[in-house]
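A.B. asks: I would like the atomic coordinates for the input below:
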Amino acid sequence: MSLEITVEAEGEAEILDRLQTLRVRFFAEAQEALTGTAMLAAAEAKRKVIDGPKTGYIYDWAPTDKEDPRKTRMIYFHGHWFWIRPRTAPHQASAPWQAPATDTGTLAGSISAEPIDGTLGARIVARTRYATWLEYGTKYMAPRPFLRPAGWWAVKQAEPVYHDILNRLIRGE
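C.D. replies: Here you go, the predicted model:
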């Protein structure tokens, strides 16, 4: 002898349609929120580069390609000779593990945020060839991270936003 109990849901098609609608709305709202958070993180990374505390070496000389004996001199550095000139204003570099110090503004100007097509995500990018060297360091220089801390900050900011979006969608708002 066996016992069989059958439970069927009525309106299965309506439930699946509603879930699909919620999925689409969540994706759209979450992508917008995430892109906005990434833009705030990019602004934070720029702020750290431009205005963050700097306690590194102060440079009075800068590289140049001009060979004017009255205004320049040569130095030997890492096996190469370089022409240098006096700076118009001293530059204070960043110390290891501080965000990089800005000199020309190129690094700060290259930082931006953009959505990642086809996924629920956004990226913060710095489009200079030396950004990776600053972020992770080299064998000659300790790291000067500026994007990773901004990314960690963005993750902390985005989590409650996702929860809020989910709660609103579940409540039917």
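
A.B. asks: partners of the longest strand belonging to the chain in the sheet?
C.D. replies: The single longest strand within the chain, with elements called by DSSP state E, is strand 80-92. Partner strands and pairing direction for strand 80-92 (DSSP bridges) are strand 58-64 (antiparallel), strand 73-77 (antiparallel).

A.B. asks: So which elements touch the lengthiest helix in the chain?
C.D. replies: When the chain is scanned for its longest helix (criterion: DSSP state H), the result is helix 12-51. Counting by 3 or more C-beta pairs under 8 Å, 6 or more residues apart in numbering; DSSP states H and E, the packing neighbours recorded for helix 12-51 are helix 106-110, strand 111-115, strand 122-126, helix 147-171. Backbone N, C-alpha and C define where each C-beta goes, glycine included.

A.B. asks: could the ones you listed go into a markdown table alongside mean pLDDT and distance to residue 137?
C.D. replies: As requested, those are arranged in a markdown table below (pLDDT from 0 to 100; distance: least, C-beta to C-beta, whole Å):
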| stretch | mean pLDDT | distance to residue 137 |
| --- | --- | --- |
| helix 106-110 | 95 | 15 |
| strand 111-115 | 93 | 18 |
| strand 122-126 | 92 | 15 |
| helix 147-171 | 87 | 12 |
